[in-house]
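A.B. asks: the following block contains a protein sequence and its predicted model.
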Amino acid sequence: MDYLNPPGWPRPQGYSNGVAATGRQVFVAGQIGWNPEGVLADGLVEQVRQALANCLEVLAAAGGGPEHVARMTWFVTDRHEYAAKRAEIGAVYRELMGRSYPAMSLYEVGLLEPGALVEMEVTAVVA
């Protein structure tokens, strides 16, 4: 996996501007912060933890891990809450993803599942 951050551009915080990779592509559908029993975690930070863990569990079924994630898209219901809890969310991210910094996008949206505060999609490339 090659992280693509052009010289002279500001250093991105927690992600890369682009990623180049070769291998088997794995696409993980939108995952929300619920456990295998369908119970949503309490609060944004815990829903981020569970949604990210769900993404990684699907990826593991394809033989992949955090180091194979090339792209992530996050959908949050409240950008102000996300900004207020950014440090806590960052700690959860580093705990689960380590030093993997895929290309990322973040959108503020309405989510279909009542009570869901975040949804994540992942594209990975497993060598």
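C.D. replies: Yep, that arrived.
A.B. asks: can you pull the contacts of Leu52?
C.D. replies: Leu52 sits next to 31, 92-93, 96-97, 120 when contact means CB atoms under 8 Å, 6 or more residues apart in numbering. C-beta: built from backbone N, CA, C; applies to glycine.
A.B. asks: mark which of those are buried, thanks.
C.D. replies: Among the contacts of Leu52, those classed as buried by 16 or more other CB atoms under 10 Å are 31, 92-93, 97, 120.
A.B. asks: and these as JSON lines, adding secondary structure?
C.D. replies: JSON lines is the format used below for these (DSSP: H, G, I helix; E, B strand; the rest coil):
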{"residue": "Gln31", "secondary structure": "strand"}
{"residue": "Val92", "secondary structure": "helix"}
{"residue": "Tyr93", "secondary structure": "helix"}
{"residue": "Met97", "secondary structure": "helix"}
{"residue": "Met120", "secondary structure": "strand"}
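A.B. asks: which among the residues you listed gets closest to Ala62?
C.D. replies: Of all these, Gln31 has the smallest distance to Ala62: 14.2 Å, by CB to CB.
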